[in-house]
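Undergrad: got a predicted structure plus its sequence, pasted below:
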Amino acid sequence: MISAFITIRFLDILDIILVAILIYQLYRLIKGTVAFNIAVGLFSLYLLWLVVKALNMELLGSIMGQFIGVGVLALIIVFHPEIRKFLVIIGSRYNLNRLLSFDKLFGAGKEKVINHQQIASLVDACESMSKTKTGALIIIAGNSELNEQINTGELINAEVSSSLIRTLFFKNSPLHDGAIIIKGTRIVAAGCILPLTSKSLDKALGLRHRAAVGMSENSDALSIVVSEERGSISVAEKGEIKRRISKEALIQILEQRFQEEVPV
């Protein structure tokens, strides 16, 4: 006799929840990009293949079957940038590198990423450049080392100060077009080249904003942009950008993010 009830285990529910979370994260990763349209196209082809199989259309089914058969390899090639971003999210945004860090095993000390005085210097520099409409792009590293981006610029290795930041972004400075990268309590490099986002952003946003979002997509860094056209301040984090940030809001964002103790 066939049972009329379906047994659902706790692991089955957990399995469904995890798959739903995975699909949602993948959607967030590719929404607004060309990859989303490609994903819709591939899904449509897969549904068409199922229909062809159900109708026993052997010739068309065999042709599409060959295409579906190499689907995994095709997905890796087509979605290479998105797969890379997804792996970066897993490794940095969710702090797995902290869990796997040897510093904890050997009892390394702790220090604050940026102290209150340096946050004040950052905000003062951004406010001053905002008033003079001096374009700027400031990257504050989290757990990611950002060595690839640092190597594209000029090494500075100086304490964070308002006057130095304003000097680096002065319009006649040879380094003003690139980004400065702050790690720990120091400005490590200036004039750095950053990856651009492939997201569809407001057309009013320029390359600095696209680079800021792109950097926040590829790492756990926080990006600060001062617009050269409007003088407004924006902050990009986790692939999202907040525009027209006030001085008070910028202070709050920096203090919430960086006034925590993290492993050295």
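TA: Yes, it's here.
Undergrad: C-alpha only now, for contacts and for neighbours.
TA: Will do.
Undergrad: low-confidence ranges, the stretch 51-200 of the chain, go.
TA: Along the stretch 51-200 of the chain, the model assigns pLDDT under 70 to residues 68-72, 74-113.
Undergrad: go again with 80.
TA: Under the criterion pLDDT under 80, the flagged ranges of the stretch 51-200 of the chain are 60-115, 143-145, 198-200.
Undergrad: how about the strands in it?
TA: According to DSSP state E, counting those that start in this stretch, the stretch 51-200 of the chain carries its strands in the segments 110-112, 136-140, 154-159, 179-183, 186-192.
Undergrad: who does the second one touch, helix- and strand-wise?
TA: Contact here means 3 or more C-alpha pairs under 8 Å, 6 or more residues apart in numbering; DSSP states H and E; on that basis strand 136-140 packs against strand 179-183, helix 207-218, strand 222-226.
Undergrad: looking at the strands of the stretch 51-200 of the chain, which is closest to residue 146?
TA: strand 179-183 (8.5 Å; C-alpha to C-alpha).
Undergrad: next one: the residue most central in space within the chain from residue 195, what distance?
TA: The chain has residue 217 as the residue nearest its centroid, 1.4 Å off, counting by C-alpha atoms, centre = their mean. To residue 195, residue 217 is 9 Å away according to C-alpha to C-alpha, to the nearest Å.
Undergrad: with residue 125 instead?
TA: 24 Å.
Undergrad: more neighbours, those two?
TA: residue 125 (20 against 15; other C-alpha atoms under 10 Å).
Undergrad: related to what we said a few turns ago, any common contacting residues for residue 217 and residue 195?
TA: Here residue 217 and residue 195 have no joint contacts, going by C-alpha atoms under 8 Å, 6 or more residues apart in numbering.
Undergrad: C-alpha coordinates for the helix or strand hosting residue 40, CSV please?
TA: Per DSSP states H and E, residue 40 falls inside helix 34-54. Extracted C-alpha coordinates of helix 34-54, given in CSV (Å, rounded to 0.1, in the frame of the first residue of the first chain):
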residue,chain,number,x,y,z
VAL,A,34,24.9,41.5,-19.1
ALA,A,35,25.4,38.2,-17.3
PHE,A,36,21.8,38.3,-16.1
ASN,A,37,20.5,38.4,-19.7
ILE,A,38,22.8,35.5,-20.6
ALA,A,39,21.5,33.5,-17.6
VAL,A,40,17.9,34.1,-18.7
GLY,A,41,18.8,33.0,-22.3
LEU,A,42,20.5,29.8,-21.1
PHE,A,43,17.5,29.0,-18.8
SER,A,44,15.1,29.5,-21.7
LEU,A,45,17.2,27.1,-23.8
TYR,A,46,17.1,24.5,-21.1
LEU,A,47,13.3,24.8,-20.8
LEU,A,48,13.0,24.4,-24.6
TRP,A,49,15.2,21.3,-24.5
LEU,A,50,12.9,19.8,-21.9
VAL,A,51,9.9,20.5,-24.1
VAL,A,52,11.7,19.0,-27.1
LYS,A,53,12.5,15.9,-25.1
ALA,A,54,8.9,15.5,-24.0
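Undergrad: buried residues in that helix?
TA: Using 16 or more other C-alpha atoms under 10 Å as the test for burial, helix 34-54 gives 35-36, 39, 46, 49, 52-53.
Undergrad: would you turn those into TSV with distance to residue 28?
TA: Formatted as TSV, those follow (distance: C-alpha to C-alpha, whole Å):
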residue	distance to residue 28
35	11
36	10
39	13
46	22
49	27
52	31
53	32
